[in-house]
Structure formats: structure tokens, C-alpha cells
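> How does the following fold in three dimensions:
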Amino acid sequence: MPPLRSTSTEPLIDALVADPERAYRFLVEESSDILAIHQPDGTLRWISPAVERVLGWTAEERLSLNLQLIHQDDLPAVVEARHRLLEGAPSVTVRLRLKHVDGSFRWADSTARAVRAPDGSIDALTIITRDVNEQVEAEEALESSLSFYRLLADHASDVILVVGPQGALEWVSPAATRTFGWDPGAVAGARDADFIHPDDREQFEEEVQRQEVAHSAGVLNVRVLCGDGSYRWTEVAWRVTVTTSDAKRTRVVRLRDIQAEMEAREALTRSEERFRTAMDSAPTGMAVVSLDRGFLEVNPALCQMLDRDEEWLLSRRIVDVIDAADDALDLRTRAAILSGHEDALTHEQRLIRADGSIVWVDHSIGLLRDDDGIPRGYVSQFVNVTEAREAREELRFMATHDSLTRLVNRPELLAQMDRLLARSPRTGLNIAALFVDLDRLKAINDAYGHAVGDSVIIEVAARLRSQVRSGDLVARLGGDEFVVLLPAIHSIEDADAIAGKIHAVVASPMSVGDETLTVTVSIGVALAEAGQRAERILELADRALYEAKRSGRARTVRFSPSAP
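Prediction:
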């Protein structure tokens, strides 16, 4: 028989075409499939050389093993296939496991065909066996992987979709029922874009198309239709996969319910907007301050109050705008709030404006915490109380002072005198009271009017203040009467000397409106004695004043016990 290989003078294909028997032998010997001939009862009669390449057995070893090569679990299927052939089936294919020479088993597809005699009886069985072990292992691995991921998808809280061409839903995980109220069977085949809120759909479709072109992943927050017709905010994430030769693009999509997160975010946004609106429209100064007292946010009212722009304030700290004398108070207040001893506190303090002037404020401070309760800063409110404080101070001042001359009034004079008299006097020092009366004030009022008279009283008060020391006290008792209290003099002569200065300064001509006037005063002097009260000293000084006026005015008289 001619050799199956080609020679230098005879090409192989030409030889095979010229000799069909030789061609059949070539195909049998070179085929990767195992060819075998069995008797009708299943006895193996012949097997091709491929059995050694596939299973490692020689043809002779294979003939001796026969059915022992078939995995015992697959024998029932082989017997069933033979019965079907005997009953008239033209061919039968069985997937079974064949034993390798190393003792392992390999998966194979065996197709048996009956060769029948003219009377229809079976003369032989031809079997073609193809090694499919790698294919089966791959399928099993794939099935295992699919089962694993399907298990994850079935129990995951996220919804998993497999989306085919044109966006058709090919598979929907059971979580779709729990999350969106979908019936997976009912929605299969529908377009995924049909479940997106109309306002979000265009953006969704554009993003999907862009990612498909790029063969990449994408993520988007959109509203997804639920089974009851409502929409839920959902994070949609997907990855595009492409089958062999780009024949089919598939998207694996994850849907995650973020409705609560979006509602919380919207609530936070609304809260921040309300806070921002409240700050911007508040008539009082407001600020968010860090734990180290740096300005984080300021409102227009605070900028206006301090005559500073927002940029300047946001680059500064509280210490840059409060009076240095109030800094320690501010630190103590914040420490008390931060420690949890107080929820909020208010204290009065001074702020410094851009021009250096003072603004008195009621400063209310509250602690700002995050969602975990951790302190993150302070909220400060500044209410301008400058006018109110000035009004309070004015009321307090007017309770103790004369409204015209702003000198101490009689009650305050008596109170201060009693406090001085209650102290132990220092050796060599005395307390003296000078009772001063403006001479002929009535005549001035009658000649020039009470407005000019009031101006004269104001000028006399100023001249009295100019002649006393810082520790001395000048008071107006009313009308044309004044008292100069000298709390630390050595002798009555010292009081006389000051009285002389007062006479001189008051007698100097004064311009009042269009008039130039010269006025004089009468003065009564009394020196305090041990145990005396303020009223008694004034009474004694008043007696001396009476004597000065009776003696011709414009003079000083000391109180004398012998005086009438």
C-alpha cells in the first residue's frame, strides 16, 4: 500500500485525490476525533489511532478495556443510547466521561450511528468520539460563576440588571421587587430608559451612549419609576461588555436606592438655604466661628456694623474685632459652652469698628455640632446695644446729676459726703464744704430771659470745675446754688484760698449770646467736725453763705459757732 505522506515527486493532495482509499486512511489516522466500530452488542472491534493522542491508550489497550473506559455513572446513558439505535434511531449522541491512561476522566461527545443490512438489521455501530473536556470545564466554570453571581444578585440589596442591545432588559434580579415593586417577568424586554424620569432621561441616554462608544463604565443619579407609579432617587452604575467581534453589546447595571440619602441631602440644602437666608436677611450681626475663633461665615449686617467687608472678616479672628479688655471674657464664655456646662451664653462686650470707634453688643454664642455630635464651631449673634447702653448710662447719670450743668445733684452729693465722712480721716487732713450762690441771678433772668440765665449757670459751673482738683467734687443743688466739696485740705485757710480763686474766675466777664456779662458769687465755708453728717455740714455752710449775702455779696464767710 502506498505511503500516506507525500514524496518529492508526488504532491500529497494529488495522491489522495487519485486514491480514495488512501484518502480515507489519511483522514482516519490524522483526525483528532476517535473513530470506532462496534458490534451490535457493543463489543469494540476497531478504534482509530486518535485514542492514544486523546486518552493515552494504544489501540490494542483500548480494545482490551472496552466499556471499562466509560465512567460508571455514564453507563446507563450508553445502554439507553444503544437501545434507541436498536429501536430504529438513525444516530444518538451521548456526553460521557472516558478514562485517561493517567487514571483521570475526560469529557467527550460520542455520536453512534447504526450500519444496517438490506433487511434493516444492524450489522455494526460506528462511533465518533470528540474530546470536549476543555469545553465542559469552561462551561462548568462559567455556570459556577454565573450561579455565584446570581446568588449574590438574588440576595443583594442593590438591583442588578442585564441590558441588551437597544436597552432591552434581559435579566432582572429579585431585589427589583423589594426596591421598586417591579415584577421581573413583566418588565423583561422593556427599555431601561423607559423607567427613567422624563426630566432625567435625556441625560441618562446621552451618558449611556457616550460610555458605550468608549466601552467603559458609568454612574449617574436619576429618578427611577416604581411599580406604584412613584419615582425614587437611584444611583445607576453600569459597565459595557462586548461579545466576540462586537456582535453584541451588553450592559450590566447596578441600581442602588439613594432616596433617603437624596432626601437628607435636599433637607440639608434647604436647611443651609434657610440658614443662609436668615443670616443674609437678619438685621443683627451673625457669624459662624471656628473652634479657634476664626470667622467662617459672616452676614451683611455684621459687615455693616463693623464697617468691614466680608473678605476682610473671613481672613480674621474674633480677637481682631473685639476690645482687648473683653477678650478674656469671650474665651471663658466659649470654654464654658464647649465643656457642655452651658448650651448658649450671652454677654455684653465691645467691638472695634474700622475707624477705631466702639460698638457695644449683646454677644450670644451657641455651639455648632456635626451629625455625630462632635463640636465643629460656634454660631455668634451680635445685637448692637450701643444706643440702649448710652440711654441706660444717661438715665443712670441723670439720676445722680443735674440735667443743666451735668454736675452732681444734691442726693448724690450727700451720699458721697457721707461715705467720705464715714472713713477714718488721715492725719492732718480735713473736709470742707463751700456753699456757692450766684449773685442776682433773678435780675439777669428778668433782664435777658431765662435762656441767658441758664447759659450763665452753665458757664459758672464750668468755671467752678476749672478751679478744683481731680479729687474734689462740684454739685448743683438747684437754681443758683452750688457746693464745692474739698475732701482733703489741711486747714480752713486752704478752703479760703480756693474760694478766692473761684471769686476771681467767676468775676471774669463772660459772653452769653450777644451779651457780655459780669457776675459774682457769694460763698459760705464750713469745716467738717468728727461725727457730723453731710446734711449738718451743708446746713452750717449755708448759714455762712447767708451771712455773706447779708453782708453785701461777692465775698466769702466762714461758719462760726457764734454766728446768728
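> So residue 536, which state does it fall into?
Under DSSP: H, G, I helix; E, B strand; the rest coil, residue 536 falls in the helix class.
> Residue 486 too?
strand.
> now swap in residue 229 and tell me
coil.
> Kindly report the same for the one 5 residues further on.
Following three-state DSSP, residue 234 is assigned to strand.
> surely it meets residue 221?
Yes. Here residue 234 reaches residue 221: they are 7.3 Å apart, a contact under C-beta atoms under 8 Å. Every residue, glycine included, has its C-beta placed from N, CA and C.
> who has more neighbours, these two?
Using other C-beta atoms under 10 Å, the more surrounded residue of residue 234 and residue 221 is residue 234, with 28 against 14.
> pLDDT wise, what is that one at?
pLDDT for residue 234: 91.
> And for residue 163?
87.
> Quick check: beta-bridge partners of it?
Listed beta-bridge partners, residue 163: residue 169, residue 251 (assigned using DSSP bridges).
> Pull out the buried positions in stretch 171-182.
Of all the residues in stretch 171-182, those buried under the rule 16 or more other C-beta atoms under 10 Å are 172, 173, 174, 175, 176, 179, 180, 182.
> Pull the contacting residues for the first one.
For residue 172, the contact set (C-beta atoms under 8 Å, 6 or more residues apart in numbering) comprises 159, 160, 161, 182, 184, 187, 188.
> So which of these belong to strands?
159, 160, 161 (DSSP state E).
> The last one against residue 167, yeah?
By that I understand residue 161. No. Proximity of residue 161 to residue 167 does not meet the contact threshold set by C-beta under 8 Å, at 10.1 Å.
> thinking again about what came up before, between the buried residues of stretch 171-182, which sits nearest residue 384?
Among the buried residues of stretch 171-182, residue 179 lies closest to residue 384 (C-beta to C-beta), at 54.7 Å.
> With adjacent residues omitted, what lies nearest to the residue most central in space within the chain?
Central residue of the chain (C-alpha atoms, centre = their mean): residue 370, 7.4 Å from the mean position. Of all residues not flanking residue 370 in the chain, residue 376 sits nearest, at 5.2 Å (C-beta to C-beta, 6 or more residues apart in numbering).
> does the one you found sit in a helix, a strand or a coil?
The three-state label given to residue 376 by three-state DSSP is strand.
> try the one 3 residues further on
At residue 379 the chain is in strand, as set by three-state DSSP.
> Spit out the contact partners of it.
Residue 379 sits in contact with 286, 287, 288, 289, 365, 366, 367, 368, where contact means C-beta under 8 Å, 6+ apart.
> Only whichever of those are buried, select them in ChimeraX.
A single ChimeraX command selects the buried members of those (16+ other C-beta under 10 Å):
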select :286,287,288,289,365,367
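> Between the contacts of residue 379, which has the least confident prediction?
Out of the contacts of residue 379, that is residue 368, at 87.
> Relative to residue 337, how far out is the spatially closest residue to that residue that is not a sequence neighbour?
Nearest non-adjacent residue to residue 368, counting by C-beta to C-beta, 6+ apart: residue 377, 4.5 Å away. Counting by C-beta to C-beta, to the nearest Å, the separation of residue 377 from residue 337 is 11 Å.
> Same question for residue 480.
With C-beta to C-beta as the criterion, residue 480 and residue 337 are 57 Å apart.
> Between the two, which has more neighbouring residues?
Legend: neighbour count by other C-beta under 10 Å for residue 480 and residue 337, higher for residue 480 (22 against 18).
> Please report phi then psi for the more buried one.
Here is the backbone geometry of residue 480 (degrees, to the nearest 10): phi -110, psi 20.
> Kindly report the same for the one 10 residues further on.
When read as degrees, to the nearest 10, the backbone of residue 490 gives phi -90, psi -30.
> From the structure, what's the count of residues near it?
Residues lying near residue 490 (other C-beta under 10 Å) number 10.
> Report pLDDT for it.
If you check residue 490, the pLDDT there is 88.
> as a whole number, average confidence for the helix or strand harbouring residue 463?
With elements taken from DSSP states H and E, the one containing residue 463 is helix 450-465. Mean pLDDT, helix 450-465: 94.
> ok, now stretch 436-445?
On average, stretch 436-445 scores 94.
> Please apply the same query to stretch 198-207.
90.
> Tell me how far it lies from the chain's centre.
Offset of stretch 198-207 from its chain centre (C-alpha atoms, centre = their mean, to the nearest Å): 29 Å.
> Over to stretch 108-117?
Centroid separation between stretch 108-117 and its chain, computed with C-alpha atoms, centre = their mean, is 76 Å.
> buried set for the host helix or strand of residue 329?
Element membership for residue 329, per DSSP H and E: helix 327-338. Of all the residues in helix 327-338, those buried under the rule 16+ other C-beta under 10 Å are 330, 333, 334, 337.
> Looking at those, which two lie furthest apart in space?
Largest pairwise distance in the buried residues of helix 327-338, by C-beta to C-beta, is 11.0 Å, between 330 and 337.
> So what's the predicted local confidence for the residue nearest to the centre of the chain?
83.
> what's the nearest residue to residue 405 if we skip its chain neighbours?
residue 461 (3.7 Å).
> and that neighbour, what is it in contact with?
Counting by C-beta under 8 Å, 6+ apart, residue 461 has contacts 405, 406, 407, 474, 476, 482.
> ditto for residue 546
Applying C-beta under 8 Å, 6+ apart, we find residue 546 in contact with residue 524.
> What spatial separation is found between it and residue 504?
Distance from residue 546 to residue 504, by C-beta to C-beta: 23 Å.
> just residue 75 next, same as before
Relative to residue 504, and taking C-beta to C-beta, residue 75 is found at 146 Å.
> repeat for residue 221
Residue 221 is 91 Å from residue 504, by C-beta to C-beta.
> per the record, what domains does the protein have?
Following automatic domain parsing, the chain resolves into domains at 31-132, 156-257, 284-389, 400-558.
> how about the ones you listed in a markdown table, adding distance to residue 278?
Shown next, in a markdown table, are the domains of the chain (distance: least, C-beta to C-beta, whole Å):
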| stretch | distance to residue 278 |
| --- | --- |
| domain 31-132 | 75 |
| domain 156-257 | 27 |
| domain 284-389 | 8 |
| domain 400-558 | 42 |
